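>>> Requesting a structural model of the entry that follows:
(one chain, ligands or ions: 2)
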Amino acid sequence: MPTYNTVILDIEGTTTPITFVKDVLFPYVTSGLVKFLTENWGSPGLDQQIELLRQQAEQDIEAGIKQAVLIPHETSSNADQVRAAVQQCIEWQMQEDRKIGALKSFQGYMWKEGYESGELRGQVYDDVVPAFDRWKQQGCKIYIYSSGSVPAQKLLFGNSVNGDLLPYFSGHFDTSIGSKIESSSYIAISKAIEANPSDILFVSDNVKEIIAAEEAGFQVVLSDRPDITPLTEQDRLNRRVVTSFSQIP
Ligand SMILES: CSCCC(=O)C(=O)COP(=O)(O)O
Ligand SMILES: [Mg+2]
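Ligands and ions are numbered 1, 2, ... in the order given. Model (predicted):
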């Protein structure tokens, strides 16, 4: 029997192929960006996203990040300049694969249209749903903790190739609770879900996340999926490493 009663899962490289994120989701944003901005310009939803990007850019400049693109406020005469700045701001952050809340929120906002039209369907590895069923039968609660925004997580699992997987989850967390490489974030999650850290199993492909969760007292499993950053001998040392959820006891 497992020694945990709660499972918290990363998405990219853990439940979901990196290739789906890099070759499908990200190109959906980069290739459709200009059209999307033009068609939605002036809508309250897009304005809200732009404000988040603007505030992040101001913080980035203050932090000395030179590539950051400031987004001016719109007046009657400079809409084209503002739109060009928004486009440039998103493009450089996507090139860097920044795991930053404002960008992640914007991506999710754009993906909504793609999932609703059926152009996008979330992918999970074949071993994921059987593991969900097993954990539920054992009375385990399942949560998601991803850099992807909570709305983006819900779109991916709610519109997956395996159907609507959202009923499996007891909740979702993104980086609004804290960075995935800080142990304080894992402590905050354990408090939010009222679970003992030692009763929680966290699964991720990212060693820095695994170390942070270990420091918080979680049990951990390192996910070794195709296309993840290759794991070193040091990463594997004294850790359970799996290539499939079927190997998680
Ligand atoms: C659910 S959003 C799509 C994946 C994504 O954009 C992402 O950043 C996933 O990061 P993770 O922390 O799940 O590795
Ligand atoms: Mg990951």
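>>> Ligand 2 contacts on this structure?
Asp10, Glu12, Gly13, Asp205 (C-beta under 5 Å from the ion). To be clear about C-beta, it is placed using only N, CA and C from the backbone, and glycine gets the same treatment.
>>> For the first one, the count of nearby residues, please.
Neighbour count for Asp10, taken as other C-beta atoms under 10 Å: 23.
>>> same question, the last one
Residues contacting Asp205 under the criterion other C-beta under 10 Å number 20.
>>> Let me see the contact set for Leu25.
Gln107, Trp111, Leu120 (C-beta atoms under 8 Å, 6 or more residues apart in numbering).
>>> ok, of these, which one's closest to ligand 1?
Gln107 (6.0 Å; C-beta to the nearest ligand atom).
>>> Domain-wise, how is this protein divided?
Per automatic domain parsing, the domain ranges recorded for the chain read 6-16+123-247, 22-117.
>>> spatially speaking, which residue is in the middle of this structure?
Central residue of the chain (C-alpha atoms, centre = their mean): Gly148, 2.1 Å from the mean position.
>>> doesn't Ile11 make contact with it?
Yes. The criterion here is C-beta atoms under 8 Å, and Gly148 meets it with Ile11 at 5.8 Å.
>>> anything in contact with each of those two?
By C-beta under 8 Å, 6+ apart, Gly148 and Ile11 have these common neighbours: Leu156.
>>> Tell me the residues of the protein that contact ligand 1?
10-13, 21, 25, 99, 146-148, 152-153, 156, 180 (C-beta under 6 Å from any ligand atom).
>>> top of those by neighbour count?
Leu156 (29 neighbours).
>>> What's the separation between it and Ser147?
13 Å (C-beta to C-beta, to the nearest Å).
>>> Sketch out the strands for the chain, chain order is fine.
Counting by DSSP state E, the chain has strands at residues 6-9, 141-145, 169-173, 200-204, 219-223, 241-242.
>>> partners of Tyr143 in the sheet?
In this entry, Tyr143 is beta-bridged to Ile8, Gly171, by DSSP bridges.
>>> For this protein, which segments are assigned as helices?
For the chain, applying DSSP state H gives helices covering 18-20, 26-40, 44-62, 79-95, 101-117, 128-137, 150-158, 183-192, 207-215, 233-236.
>>> deepest of those, which one?
Scoring those by mean neighbour count under mean count of other C-beta atoms under 10 Å gives helix 150-158 as the most buried, with a mean of 22.
>>> So what touches it?
Helix 150-158 is contacted from outside by 11, 16, 104-105, 107-109, 111-112, 115, 120, 122, 124, 144, 146, 148, 164-166, 168-169, 172-174, 176, using C-beta under 8 Å, 6+ apart.
>>> Kindly recompute the last result at 7 Å.
Helix 150-158 is contacted by residues 11, 104, 107-108, 111-112, 115, 122, 144, 146, 164-166, 172, 174 when judged by C-beta atoms under 7 Å, 6 or more residues apart in numbering.
>>> so which of those would you say is closest to Arg225?
Using C-beta to C-beta, Ile11 comes nearest to Arg225 of the contacts of helix 150-158, at 11.2 Å.
>>> Skipping adjacent residues, who's closest to that closest one in space?
Closest residue in space to Ile11, ignoring its immediate chain neighbours: Ser146 at 4.2 Å, by C-beta to C-beta, 6 or more residues apart in numbering.
>>> wait, that neighbour sits on Ser176?
No. Ser146 lies out of contact with Ser176 (C-beta atoms under 7 Å); the separation is 11.5 Å.
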